[in-house]
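A.B. asks: just coords:
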């Protein structure tokens, strides 16, 4: 069964940086997954943050994080990293990693991803 496992997260002050990582394990053999980060703050819907195409050739971001967050992966490796800089209190949320082996475009919608991690908390204090 495919597993998506996140790590990182924690409590930082506004303006500081934090990194998250996510790995797909027990996936389909010789298959690269499109991967993305979403986040959900209390009382709000889960929203797209950043994504990477299945082969790592394309990355895409939500407007609120452009220029501050960077998603990266080593080619088609099924591990992605999210580097977050200049963090703001409004970035506070549970961050979820998502993966899908069929997605070939820029997946920014929650329903485009079949596999999800349990989430990791990011808290930014003012």
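C.D. replies: Okay, I see it. Keep in mind that what you see is a predicted model, and the values were worked out from it rather than measured.
A.B. asks: excluding its backbone neighbours, what's nearest residue 120?
C.D. replies: residue 9 (3.6 Å; Cβ to Cβ, 6 or more residues apart in numbering). C-beta coordinates here come from the backbone N, C-alpha and C atoms, glycine included.
A.B. asks: quick one, phi/psi of that neighbour?
C.D. replies: Here is the backbone geometry of residue 9 (degrees, to the nearest 10): phi 90, psi 170.
A.B. asks: my read: it touches residue 20, true?
C.D. replies: Yes: judged on Cβ atoms under 8 Å, residue 9 makes contact with residue 20 at a distance of 6.1 Å.
A.B. asks: sorry, back to before: can you tell me which residues contact the residue nearest to residue 120?
C.D. replies: 18, 20, 95, 120, 121, 122 (Cβ atoms under 8 Å, 6 or more residues apart in numbering).
A.B. asks: for the residue of the chain most remote from its centre, what are its contacts?
C.D. replies: Relative to the centre of the chain, and counting by Cα atoms, centre = their mean, the farthest-placed residue is residue 126 at 23.1 Å. Applying Cβ under 8 Å, 6+ apart to residue 126 gives the contacts 13, 14, 89.
A.B. asks: Swap in 6 Å and give it another go.
C.D. replies: 14, 89 (Cβ atoms under 6 Å, 6 or more residues apart in numbering).
A.B. asks: same deal with residue 68?
C.D. replies: 85, 86.
A.B. asks: Numbering from 46 from now on, please.
C.D. replies: Noted, 46 is the first residue going forward, which turns the last one into residue 113.
A.B. asks: distance between stretch 124-133 and the chain's centre?
C.D. replies: 9 Å (Cα atoms, centre = their mean, to the nearest Å).
A.B. asks: Quick one: end-to-end length of that stretch, please.
C.D. replies: 25 Å (Cα to Cα, to the nearest Å).
A.B. asks: Now it: average pLDDT?
C.D. replies: The average pLDDT within stretch 124-133 is 97.
A.B. asks: Name the residues that touch it?
C.D. replies: Contacts of stretch 124-133 (Cβ under 6 Å, 6+ apart): 57, 59, 61-68, 80, 82, 97, 113-118, 169.
A.B. asks: And that stretch, what's buried?
C.D. replies: 124, 125, 126, 127, 128, 129, 132 (16 or more other Cβ atoms under 10 Å).
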